[in-house]
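Asker: Attaching a predicted model along with its sequence, questions to come.
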Amino acid sequence: ARLEVLGTAVIRARGDGRAREALVTVFDAEAASVESWTPEDRSKSTPARVVNKLESTAANAVKISPEVQLTKAFRRINDKEFRSWIKLTSVNEVDLDYDAIRRQAIEEISEFTGLSPAEITWSQMTIFISSPGIVTPFHNDAGQNFLLQLRGSKDVCLYPQDDPFLVPQEAIENLYKGDGLAARYREEFAKLGTQYHLEPGLGVHHPALAPHTVKNGPQVSVSAAIAFTTLAMDDRARIHQVNWLFRRMGLKPRRPGLSGSSDRIKVALVRRISGPRVTDPDLTRGMRRLLWPAKVARDTWKKLHSVR
């Protein structure tokens, strides 16, 4: 069973002197259980990779435009023969009403948590529309979010975010490298999660890095997620990114929190290379820039080798 990308479409608008984009992604979701996700499935169907590319995919076996695919998916969302999952990412970027909801939610979060607006570095609103019975596979997110149910129902199984048995260091580092399905499900995890049943008007908080699975109820489900990160979370991500690079070099880096001086150096390095964060993909910009020389050298070598 797989979660195949049927099509994507980018909605563009302008505001605050910059171009804004929201992404609509449609996944063809078969009855995928958590256990059925193989490494091959993961490599072909990672939603994070699709979102970060912000472009149409070549996954359409039949040559139908993304726009037609999206229209068909919305019309057939309740069709038992055509089970799909539609994700509208960053809708607040192109719609003032959604952006007002996002801003209000962030203000309330700041009020209840004591976080100052300056500490929240990024936030976005995403809408999920999915067919009955769809299962979202075991994964975790770099940011934290509040998942709010608007229509239908779903069951969320949420696991502890700070248990290395569930999420080892290597998985966290791969997540901050851009692999949205870096966390791997194992049979031993079955009884370690907490179940939350969501109906309209209910929601659940997902801490950053907390693994989770989601299963829709018997009706079409519509839910919204208000996601955000803080400066402290971004800096922790930067430490993991440098650790990922060190690990590739054969070193054994210390995890965040074990060496204050080492952590500060790693944060300062990636902050300087990354620049300011405005969008979600900006979190991995420093990593991409660090890897760029090696990528150019590797691609050049391949071209020269092919000529020979």
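Answerer: Sure thing, it's come through. Numbering: from 1, shown residues only.
Asker: which ones are touching Val222?
Answerer: 127-129, 149-152 (C-beta atoms under 8 Å, 6 or more residues apart in numbering). Placement of C-beta: from N, CA and C, glycine included.
Asker: Out of those, which sit inside strands?
Answerer: Among the contacts of Val222, the subset assigned to strands under DSSP state E consists of 127-129, 149-151.
Asker: hang on, the earlier thing: tabulate the contacts of Val222 in JSON lines, adding columns for distance to Ala183 and neighbour count.
Answerer: Output for these, formatted as JSON lines (distance: C-beta to C-beta, whole Å; neighbours: other C-beta atoms under 10 Å):
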{"residue": "Ile127", "distance to Ala183": "24", "neighbour count": "18"}
{"residue": "Phe128", "distance to Ala183": "19", "neighbour count": "22"}
{"residue": "Ile129", "distance to Ala183": "24", "neighbour count": "21"}
{"residue": "Gln149", "distance to Ala183": "23", "neighbour count": "23"}
{"residue": "Leu150", "distance to Ala183": "27", "neighbour count": "16"}
{"residue": "Arg151", "distance to Ala183": "28", "neighbour count": "12"}
{"residue": "Gly152", "distance to Ala183": "26", "neighbour count": "20"}
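Asker: ok, now which ones touch Leu88?
Answerer: Under the criterion of C-beta under 8 Å, 6+ apart, the contact partners of Leu88 comprise 22-24, 126-129.
Asker: Now do Asp234: how many residues are near it, please.
Answerer: 21 (other C-beta atoms under 10 Å).
Asker: Secondary structure element holding it?
Answerer: Assessed by DSSP states H and E, Asp234 sits inside helix 231-248.
Asker: which stretches of the stretch 51-200 of the chain form strands?
Answerer: For the stretch 51-200 of the chain, the strands identified by DSSP state E, counting those that start in this stretch occupy 84-89, 120-130, 135-139, 144-151, 154-158, 194-198, in order along the chain.
Asker: For the second one, name the packing helices and strands.
Answerer: Here strand 120-130 touches strand 84-89, helix 96-113, strand 221-230, helix 231-248, going by 3 or more C-beta pairs under 8 Å, 6 or more residues apart in numbering; DSSP states H and E.
Asker: Ok, which of the ones you listed comes nearest Phe138?
Answerer: When the helices and strands packed on strand 120-130 are compared by C-beta to C-beta, strand 84-89 sits nearest Phe138, at 15.3 Å.
Asker: The closest one vs helix 96-113, what angle?
Answerer: On the basis of axes from the mean of the first three to the mean of the last three C-alpha atoms, to 10 degrees, strand 84-89 is oriented at 80 degrees to helix 96-113.
Asker: just for the stretch 1-150 of the chain, where's the confidence low?
Answerer: Applying pLDDT under 70 to the stretch 1-150 of the chain picks out residues 1-20, 27-69, 80-81.
Asker: tally of neighbours for Gly250?
Answerer: As a measure of burial, Gly250 has 6 neighbours, counting by other C-beta under 10 Å.
Asker: I meant Arg184, not that one.
Answerer: Arg184 - counted by other C-beta under 10 Å - has 17 other residues nearby.
Asker: How much space separates it from Asn243?
Answerer: From Arg184 over to Asn243 the distance is 19 Å, taken as C-beta to C-beta, to the nearest Å.
Asker: Next: Tyr98.
Answerer: For Tyr98 relative to Asn243 (C-beta to C-beta), the value is 36 Å.
Asker: again with Arg272
Answerer: Arg272 is 17 Å from Asn243, where distance means C-beta to C-beta.
Asker: quick revisit: and of the helices and strands packed on strand 120-130, who's closest to Thr300?
Answerer: Minimum separation from Thr300 across the helices and strands packed on strand 120-130 (C-beta to C-beta) falls at helix 231-248, 19.6 Å.
Asker: Run the angle between the closest one and strand 144-151 for me.
Answerer: Using the same axes, to 10 degrees: helix 231-248 against strand 144-151 is 110 degrees.
Asker: Which parts of helix 231-248 count as buried, going by neighbours?
Answerer: Buried residues in helix 231-248, counted by 16 or more other C-beta atoms under 10 Å: 233-245.
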